[in-house]
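Participant: here are the coordinates; sequence isn't available:
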């Protein structure tokens, strides 16, 4: 999947996977100002999210590890490891709400070979694992930040919606101690869904426009790279007296 993020005054960022690598593009107007290879060990399941003005991304590496990165000032954070193949992780998804970044994923091999959906908050302490539910057939999930929290749309044997939220709790008056609390995942009400469907429709329109612009920019980037290749080959031929 390809991702397009608008960082406002910093401009847009494009993130995508290609041929075992993760590429980052920085468009400026109708040109590509900067292109960079961010990672060269990509295996599968690239996920990315804009949270707190920063772009976060995670993926499965060739070493069968899942590591969380930031687009700028990258300090990799290991999340999962499946080197032995004892657990199979999938459907990676990042999403943010309030001051919390959420990382969702599935793990196969539960009771009756059911698929479990899990969530953790990587930058919170303790970064515990919370199970949202188990499913006989799991096809995919989508995330949408809403006023109450993070809406999780699960596509399984039956379509279900969950609302995940995080809040700070003070352990005692005047102590200043805070601890992360993940509310019990609950099914969103039908009344909420009506409002959310309207919000999602607006988001889809914005996304479609961004995807169209991304396609144009990616085509331009390919053309620029091809032109650079031709000039490089031309310069090499000129620098070799034996070639005419």
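Facilitator: That came through fine. What you are looking at is a predicted structure, and each value in this text was computed from that prediction instead of being measured.
Participant: all helices for the protein, in order.
Facilitator: 190-239 (DSSP state H).
Participant: who's in contact with the nearest residue to residue 217 once chain neighbours are set aside?
Facilitator: Among residues not flanking residue 217 along the chain, residue 27 sits closest, at 4.8 Å (CB to CB, 6 or more residues apart in numbering). Backbone N, C-alpha and C define where each C-beta goes, glycine included. By CB atoms under 8 Å, 6 or more residues apart in numbering, the contact set of residue 27 is 11, 12, 14, 33, 217.
Participant: can you add pLDDT and give these back as a markdown table?
Facilitator: Below are these laid out as a markdown table (pLDDT from 0 to 100):
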| residue | pLDDT |
| --- | --- |
| 11 | 77 |
| 12 | 81 |
| 14 | 86 |
| 33 | 62 |
| 217 | 70 |
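Participant: separation between residue 50 and residue 18?
Facilitator: Using CB to CB, to the nearest Å, residue 50 is found at 21 Å from residue 18.
Participant: who has more neighbours, these two?
Facilitator: Applying other CB atoms under 10 Å to residue 50 and residue 18 shows that residue 50 carries more neighbours, namely 18 against 10.
Participant: count the neighbours of residue 156 for me.
Facilitator: By the criterion of other CB under 10 Å, residue 156 has 18 neighbours.
Participant: give me the pLDDT for it.
Facilitator: pLDDT, residue 156: 86.
Participant: can you find the helix or strand of the chain with the lowest average pLDDT?
Facilitator: Using mean pLDDT, DSSP states H and E, the weakest-scoring helix or strand in the chain turns out to be strand 178-182, at a mean of 42.
Participant: and the residue nearest to residue 217, how close does it get to residue 74?
Facilitator: Residue 27 sits 20 Å away from residue 74, going by CB to CB.
Participant: how about the contacts made by residue 49?
Facilitator: 55, 56, 57, 94, 95, 96, 101, 143.
Participant: surely residue 123 and residue 102 touch.
Facilitator: No: using CB atoms under 8 Å, residue 123 is not in contact with residue 102, being 10.3 Å away.
Participant: of these two, who's got more company?
Facilitator: When residue 123 and residue 102 are compared for neighbours, residue 102 comes out ahead with 26 against 14, by other CB under 10 Å.
Participant: which ones are touching the residue nearest to that one when sequence neighbours are not counted?
Facilitator: Distances taken as CB to CB, 6+ apart place residue 95 nearest to residue 102, at 5.1 Å, with adjacent residues excluded. Shown in contact with residue 95 (CB under 8 Å, 6+ apart): 49, 51, 101, 102, 104, 143, 144, 145, 150.
Participant: save those as JSON lines, and put in distance to residue 136 and pLDDT too.
Facilitator: Putting the contacts of residue 95 into JSON lines (distance: CB to CB, whole Å; pLDDT from 0 to 100) gives the following:
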{"residue": "49", "distance to residue 136": "28", "pLDDT": "93"}
{"residue": "51", "distance to residue 136": "32", "pLDDT": "91"}
{"residue": "101", "distance to residue 136": "29", "pLDDT": "91"}
{"residue": "102", "distance to residue 136": "24", "pLDDT": "91"}
{"residue": "104", "distance to residue 136": "19", "pLDDT": "93"}
{"residue": "143", "distance to residue 136": "22", "pLDDT": "88"}
{"residue": "144", "distance to residue 136": "25", "pLDDT": "84"}
{"residue": "145", "distance to residue 136": "28", "pLDDT": "84"}
{"residue": "150", "distance to residue 136": "24", "pLDDT": "84"}
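Participant: who wins on neighbours among those?
Facilitator: residue 102 leads the contacts of residue 95 on contacts (other CB under 10 Å) with 26 neighbours.
Participant: quick one, what contacts it?
Facilitator: 94, 95, 96, 119, 120, 121, 143, 150, 164, 166.
Participant: for these, give me JSON lines that also has distance to residue 128.
Facilitator: Putting the contacts of residue 102 into JSON lines (distance: CB to CB, whole Å) gives the following:
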{"residue": "94", "distance to residue 128": "17"}
{"residue": "95", "distance to residue 128": "18"}
{"residue": "96", "distance to residue 128": "18"}
{"residue": "119", "distance to residue 128": "10"}
{"residue": "120", "distance to residue 128": "7"}
{"residue": "121", "distance to residue 128": "8"}
{"residue": "143", "distance to residue 128": "20"}
{"residue": "150", "distance to residue 128": "17"}
{"residue": "164", "distance to residue 128": "14"}
{"residue": "166", "distance to residue 128": "12"}
